[in-house]
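1. Next one to model:
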Amino acid sequence: MNYIKYILAVSIVGASALSCARNSEASKSKNISETTKEEPLNVILMIGDGMGIPQVSSAFYFGEGEPNFQQFETIGLINTSSTSHLITDSAAGATAFATGEKTYKRAIGMSKDTLPLPTILEQLKEEGYQTGLISLTSITHATPASFYAHVEDRDMHEEIAKQLVDAEIDFFAGGGRKYFSGRKDGLNLYDDLIAKNYHLDTLDLAEVDNSQPNAFILAEEGIPSKTKGRGDFLQQASKKGLDYFSSNEKPFFLMIEGSYIDWGGHAKDEKMMIQEVLDFDKTIGVVLEFLKSHPNTLLVITADHETGGVSLGKYYEEDSNGRKKEVPGKVQVYFNDDQHSTELIPVFAKGKGEELFNGVYQNNEIYHKIFQAINGTSNE
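-> The predicted structure is shown next:
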């Protein structure tokens, strides 16, 4: 009988220990630890849509001076495949970043079984974080939408816009006016935003009101590309967002998307792609300046996929006889396709916890590594 009691006691202790271990492991990904609540970590996630290693490389050959990419020492690589396709789209790619789970192509904030998944933005908001999104496309587009919405297909823009109102994000800037007003269902979501005390601007990236949430919805669909005269919107919006968050004492999560690197690849437009990469690189410079004065911040830069099968190769000119001649001091952008590719994608990290982002891993690990950094835990 004593032997049986001993076995039961050991079993209970073992089960209790296993349960504690499991609870501890879960808390690493989904809860901020008590030890870090004194000074929670700010998180900035920058996504260069369609930006592979060749696109990053273009900043070194077509920009003026040293690109901001060169300031990073911590660099990793991610595999971007979705559960349904080896070659992903922005919806599945961004959902992996936002939820920590891979999903099927076109899914927004949903599992591969079409079940809603909590996003990093939603989870951190529950922990008292301020939240923000900046995009050059419609704010309902696949990449930003994956951080707050839960729909089966990325083209459900009107439903995504309704969910954005309910998400109560503190600062967001992008396009997409037609999904908030003049909708098929007759709703005017501007009224709903104002009812939620938003400072709303649909005309210009004007002054931010630090005392209330801010919504800048500044184009019917997307903000224009650089080749169509956009200007410095991405840099200005990022600076305004960072100033807004730092005016309050709460930590924040901010996603910044450089959307049109992808569009340059789809159009096989060398000029557009280069200008968008250089603009994204300048925006990185704005964020790096913020990190200098706010060291309790983690910056992660990556992409959802590569677009265009881009390579940088020899530049040729024709001589007077029509013969091709290499120009030693120049390179040329070549497009293999006008679609997404399955290239491994670079990850750049700087700030507290940056060492977690070294190595080669799956895209959904970005989510888990960010939570490890927030919790102050290592890869071990």
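
2. can we go C-alpha only for contacts and neighbour counts from here?
-> Fine.

3. what's in contact with stretch 274-284?
-> 48, 51, 55-56, 58-59, 62-63, 67-69, 225-227, 232, 234-235, 238, 258, 260-261, 264 (Cα atoms under 8 Å, 6 or more residues apart in numbering).

4. Only the buried members of the residues you listed: can you turn that into a PyMOL selection?
-> With 16 or more other Cα atoms under 10 Å as the criterion, this PyMOL line picks the buried residues out of the contacts of stretch 274-284:
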select buried, resi 48+51+55+56+58+59+62+67+68+69+225+226+234+235+238+258+260+261+264
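
5. Narrow the contacts of stretch 274-284 to those in helices?
-> 55-56, 58-59, 62, 234-235, 238, 260-261, 264 (DSSP state H).

6. burial count for residue 85?
-> Residues lying near residue 85 (other Cα atoms under 10 Å) number 14.

7. Contact partners for it?
-> Counted by Cα under 8 Å, 6+ apart, residue 85 has contacts 104-105.

8. pLDDT score assigned to it?
-> With respect to pLDDT, residue 85 scores 98.

9. Please enumerate the strands of the stretch 151-300 of the chain.
-> Secondary structure of the stretch 151-300 of the chain by DSSP state E, counting those that start in this stretch: the strands cover 171-175, 199-201, 214-217, 252-258, 297-302.

10. My read is that residue 66 contacts residue 60, right?
-> Yes: with contact defined as Cα atoms under 8 Å, residue 66 counts as touching residue 60 (7.0 Å).

11. Neighbour count: these two, which is higher?
-> Higher neighbour count among residue 66 and residue 60: residue 60, with 16 against 11, using other Cα under 10 Å.

12. Does the more buried one touch residue 54 like I think?
-> No: contact between residue 60 and residue 54 fails when scored by Cα under 8 Å: they sit 10.1 Å apart.

13. Could you check how far the spatially most central residue of the chain is from residue 256?
-> When Cα atoms, centre = their mean is applied to the chain, the residue found nearest the centroid is residue 47 (4.0 Å). According to Cα to Cα, to the nearest Å, residue 47 stands 6 Å off from residue 256.

14. picking that back up, is the residue nearest to the centre of the chain bridged to anything, and to what?
-> For residue 47, the beta-bridge partners are residue 257, residue 302 (DSSP bridges).

15. separation between it and residue 340?
-> From residue 47 over to residue 340 (counting by Cα to Cα), the distance is 15 Å.

16. Which of the helices or strands spans residue 134?
-> Here residue 134 sits within strand 130-138, counting by DSSP states H and E.

17. distance between that strand and the chain's centre?
-> Distance of strand 130-138 from the chain centroid (Cα atoms, centre = their mean, to the nearest Å) equals 9 Å.

18. What helices and strands are in contact with it?
-> With contacts taken as 3 or more Cα pairs under 8 Å, 6 or more residues apart in numbering; DSSP states H and E, strand 130-138 sits against helix 120-126, helix 142-145, strand 171-175, helix 233-246, strand 252-258.

19. Would you mark the buried spots in the helix or strand containing residue 327?
-> Using DSSP H and E, the secondary-structure element containing residue 327 is strand 324-335. Using 16+ other Cα under 10 Å as the test for burial, strand 324-335 gives 331, 333-335.

20. related to what we said a few turns ago, average pLDDT across the strand holding residue 134?
-> For strand 130-138, mean pLDDT is 98.

21. Stretch 192-205 now?
-> Averaging pLDDT along stretch 192-205 yields 97.

22. gap between the two ends of that stretch?
-> Stretch 192-205: ends 20 Å apart by Cα to Cα.

23. can you check stretch 256-273 too?
-> 18 Å.

24. Surely the residue nearest to the centre of the chain touches residue 258?
-> Yes: using Cα under 8 Å, residue 47 is in contact with residue 258, at 6.2 Å.

25. From residue 239, how far off is residue 226?
-> For residue 226, the distance to residue 239 - Cα to Cα - is 18 Å.
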